[in-house]
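Trainee: model the following, please.
(chains A and B)
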Amino acid sequence: MDDPIVIENLTKDFNTFKAVDSLSLTVKRKSFVGFLGPNGAGKTTTIKILTHLLSASGGRACLNGIDVTKEPKKALASVGAVVETPEFYPYLTPIETLQYLGSLRGMSQEYIQRRTKEVLETVKMTEWSKTRIGKFSKGMKQRLAIAQAIIHEPHVLILDEPTSGLDPRGMVEVRNILKELREGDYTIFMSSHLLNEVQEICESVALIDRGKLLAYGPVETLVDGTGSKDIDLKVVQPLDGYMMDRISHFEGVEGIATEETRHYTITFRGKDEDQARLLTDLQTLGVKIVSFKEKAMKLESLYMSLIKDSR
Amino acid sequence: MVAESNIELPSDLEQSGIVTRYELLKHLRSRRLLGIFILEFVIIALILVIPPLQGEDYPSDPAKFAGMFLQGIWMLIIIGSTLFAGDSLVSEFQQRTGYLLFPNPVKKNVLFIGKFAASMIVMLLALAVFYAVVAIIVLAVDGSISGLMAPSFGLALLFAISALAVGYLISSFMKGSTGALIMTFALLLLILPIVDTVATLSRAKPVFSLTFSSGVIGYIMETPYPTDFVQTFDFSGRTFEFLNYYPEVSLSILVAIAYAVVAIALAVWIFGRREMAA
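Mentor: Purely as a prediction, here's the structure:
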């Protein structure tokens, strides 16, 4: 059986600007892959090519073994997608919208009715199922967008920043829906620039910048490979020069910087046991600690270092 | 869970029918169709009111009486084309509904066919209502209706398709809906008629023009069918000539078909290549 998503040497040029640069990536069946990168990295362009919203300048983008750039109708048959924040036809209700899109996909009326009920329950839109979409909030539209993407129970789900533009409540709601979908028989490829979102939901992550793939693998494997992390240290009394010097020579410490009075950042490389030993060493040195915690998420450290290296 | 791949995708023809059905729903639920109907009744009411106000009787010849109403049908077609075609394609890009529709397994030319068919059906509906009301009025006043109304209706439909095609062509490349609506309306109501006038003043018969050719819809009601003639005026000792050109029926039909074919072909090509880049 073909891998659900196979991207090979994909390239997209906008005149002289290379939005996607020989990108190659394979998404395995039943995985949930986060597609991370800064603004303008090429995430949305890649997703638009995968969903036939843009043409490719070169390379291949296969969905279930079918090249979407050559046979889009066949390739998109078993794919559900939410790209950017789609708008809906304001004169249709959610039920009518799902009937329309379900019919285009060849679903029977009976199947559409059953699935419409199920997906509207999944995205918590049952209450609004017969209301015209015209006056729906962005969050409601985004939930409906997810509903239309899964109405036909696709093998592959492609999501482009599904929580973008939503208020905190809307983001939580959409993330909860995605977590539910993770339990289903879906292969999900989701772009995002929200690191916490990707770390919370995705199993694997593909990091991209300037159209090139920087890293790809399971989240745990990638973040464990970085080692380096920032530790936020708050103390009762300011550290003197002697203490600063001693700390900078502790095992695993790559540097210590003063943020403000009694507030420091220690750049540290090591595993959890090493980090625990650092805390003990600080206390042994006589530092009166108010708080000692990882300043940034591990994925963020990886992200920042890779993005920095690529520029 | 039922795997989606077990479902057979509908044929292109079936999909275009589905698109047509939902596009029709759009038109039926919009105020535009209602607006067209209101406009039709206003036009008919005005034409009915004017002769009595001037102390004149309605023409006793059913063809002549019907012709009074049908002279204005081109204006109705222009407004209909603007409303039902002008923003039909561009709105998918500008309103971002394309992000919902295009990632589905449906070809762009299938979407085009479905949309165009829906526009044709609503235009047919608008024209049919107009002709039906006119026929009822003529029957009520003169006791019979003219058989010439049938070819006039056929020509009106043909020119409506051409005008819709022009509207779709404009919609395929314009960036904004409002601009597309204005451009469609201006092209059919102002630009082409100005070209017609300039050509006429230059003693060139504007047989190539859609607006000039559309005159055939009303002229077909006249017996005999009018032919070109020259009017002369004497003013301040000088003689001026004024050329009156009339479109020929067969050539007008060819012009309408040519506009429709070329505009549709170009619109399909442009729409098919247009990307959701923004």
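Trainee: how about the nearest residue to residue A:219 once chain neighbours are set aside: which residues does it bridge to?
Mentor: Nearest non-adjacent residue to residue A:219, counting by C-beta to C-beta, 6 or more residues apart in numbering or on different chains: residue A:205, 5.3 Å away. Quick note: C-beta positions are derived from backbone N, CA and C, even for glycine. Residues in a beta bridge with residue A:205, per DSSP bridges, are residue A:34, residue A:217.
Trainee: who touches residue A:205 in this structure?
Mentor: A:33-36, A:198, A:215-219, A:222, A:299 (C-beta atoms under 8 Å, 6 or more residues apart in numbering or on different chains).
Trainee: which ones are touching the residue in the stretch 201-311 of chain A positioned nearest to chain B?
Mentor: Relative to chain B, the nearest point of the stretch 201-311 of chain A is residue A:211 (15.3 Å; C-beta to the nearest C-beta). Residue A:211 is in contact with A:11-12, A:18-23, A:41-42, A:45, counting by C-beta under 8 Å, 6+ apart.
Trainee: ranges for the helices of the stretch 201-311 of chain A?
Mentor: Assigned by DSSP state H, counting those that start in this stretch, the stretch 201-311 of chain A shows helices spanning A:219-224, A:241-248, A:272-285, A:298-310.
Trainee: helices or strands next to the helix or strand where residue B:254 lies in the packing?
Mentor: If you go by DSSP states H and E, residue B:254 is part of helix B:249-273. Contacts defined by 3 or more C-beta pairs under 8 Å, 6 or more residues apart in numbering or on different chains; DSSP states H and E place helix B:249-273 against helix B:108-142, helix B:149-173, helix B:210-213, helix B:216-219.
Trainee: of those helices, which is nearest chain A?
Mentor: So among the helices and strands packed on helix B:249-273, helix B:108-142 is nearest, using C-beta to the nearest C-beta, at 8.8 Å.
Trainee: just the buried positions in the closest one, please.
Mentor: B:108, B:110-120, B:122-127, B:130-131, B:133-135, B:137-138, B:142 (16 or more other C-beta atoms under 10 Å in any protein chain shown).
Trainee: with stretch B:72-79 instead?
Mentor: Those would be B:72-74, B:76-79, for stretch B:72-79 by 16+ other C-beta under 10 Å.
Trainee: from residue A:82, how far out is residue A:183?
Mentor: Residue A:183 is 18 Å from residue A:82, where distance means C-beta to C-beta, to the nearest Å.
Trainee: thinking again about what came up before, which of the contacts of residue A:211 are buried? Put it as a PyMOL command.
Mentor: Buried residues within those, by 16+ other C-beta under 10 Å, are selected in PyMOL with:
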select buried, chain A and resi 11+12+18+19+20+21+23+41+42+45
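Trainee: can you list contacts of stretch B:40-59?
Mentor: By C-beta under 8 Å, 6+ apart, stretch B:40-59 touches B:65, B:68-69, B:72, B:75-76, B:126, B:129-130, B:133-134, B:137, B:141-142.
Trainee: just the buried members of the contacts of residue A:205?
Mentor: A:33-36, A:198, A:215-216, A:219, A:222, A:299.
Trainee: relative to residue A:243, which of these is nearest.
Mentor: Proximity of the buried ones among the contacts of residue A:205 to residue A:243 (C-beta to C-beta) peaks at residue A:299, which lies at 31.2 Å.
Trainee: which residues touch the spatially closest residue to residue B:70 that is not a sequence neighbour?
Mentor: In space, and not counting its chain neighbours, residue B:70 is closest to residue B:218: 4.8 Å by C-beta to C-beta, 6+ apart. Counting by C-beta under 8 Å, 6+ apart, residue B:218 touches B:67, B:70-71, B:73-74, B:152.
Trainee: what does residue A:146 give?
Mentor: Neighbouring residues of residue A:146 by C-beta under 8 Å, 6+ apart: A:82, A:122-123, A:159, A:162, A:174, A:177-178, A:181.
Trainee: now swap in residue A:267 and tell me
Mentor: Residue A:267 makes contact with A:228-231, A:253-257 under the criterion C-beta under 8 Å, 6+ apart.
Trainee: list the buried residues for the worst-scoring helix or strand of chain A on mean pLDDT?
Mentor: Within chain A, no helix or strand scores below helix A:298-310, which has a mean of 71 by mean pLDDT, DSSP states H and E. Of all the residues in helix A:298-310, those buried under the rule 16+ other C-beta under 10 Å are A:298-304, A:306-307.
Trainee: gap between the residue of the stretch 201-311 of chain A closest to chain B and residue A:84?
Mentor: Look at residue A:211 and residue A:84: by C-beta to C-beta, they are 18 Å apart.
Trainee: on that earlier part again, tell me the least confident of the contacts of stretch B:40-59?
Mentor: Note: of the contacts of stretch B:40-59, the lowest pLDDT belongs to residue B:72, at 83.
Trainee: phi first, then psi, for it.
Mentor: phi -100, psi 10 (degrees, to the nearest 10).
Trainee: among the contacts of stretch B:40-59, which are in reach of chain A?
Mentor: Among the contacts of stretch B:40-59, proximity to chain A is found for none (C-beta under 8 Å from any C-beta of the partner chain).
Trainee: out of the residues you listed, which comes closest to residue A:149?
Mentor: residue B:126 (36.9 Å).
Trainee: any idea how far the closest one is from residue B:149?
Mentor: On the measure of C-beta to C-beta, residue B:126 and residue B:149 end up 16 Å apart.
Trainee: residue B:222 against residue B:63, yeah?
Mentor: Yes - the pair residue B:222 and residue B:63 passes the contact test of C-beta atoms under 8 Å, sitting 7.5 Å apart.
Trainee: now render the contacts of residue B:218 as JSON lines, adding secondary structure and distance to residue A:263.
Mentor: JSON lines is the format used below for these (DSSP: H, G, I helix; E, B strand; the rest coil; distance: C-beta to C-beta, whole Å):
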{"residue": "B:67", "secondary structure": "helix", "distance to residue A:263": "90"}
{"residue": "B:70", "secondary structure": "helix", "distance to residue A:263": "85"}
{"residue": "B:71", "secondary structure": "coil", "distance to residue A:263": "85"}
{"residue": "B:73", "secondary structure": "helix", "distance to residue A:263": "80"}
{"residue": "B:74", "secondary structure": "helix", "distance to residue A:263": "78"}
{"residue": "B:152", "secondary structure": "helix", "distance to residue A:263": "86"}
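Trainee: tell me how many other residues crowd residue 95.
Mentor: You didn't say which chain, so I picked chain A. 18 (other C-beta atoms under 10 Å in any protein chain shown).
Trainee: I was after chain B.
Mentor: 17.
Trainee: residues touching it, list them.
Mentor: Per C-beta under 8 Å, 6+ apart, neighbours of residue B:95: A:87, B:177.
Trainee: at 6 Å instead, please
Mentor: residue A:87 (C-beta atoms under 6 Å, 6 or more residues apart in numbering or on different chains).
Trainee: and it, what are its phi and psi?
Mentor: phi -80, psi 0.
Trainee: check what pLDDT it gets.
Mentor: For residue B:95, the model assigns a pLDDT of 92.
Trainee: check residue A:55 too.
Mentor: For residue A:55, pLDDT reads 94.
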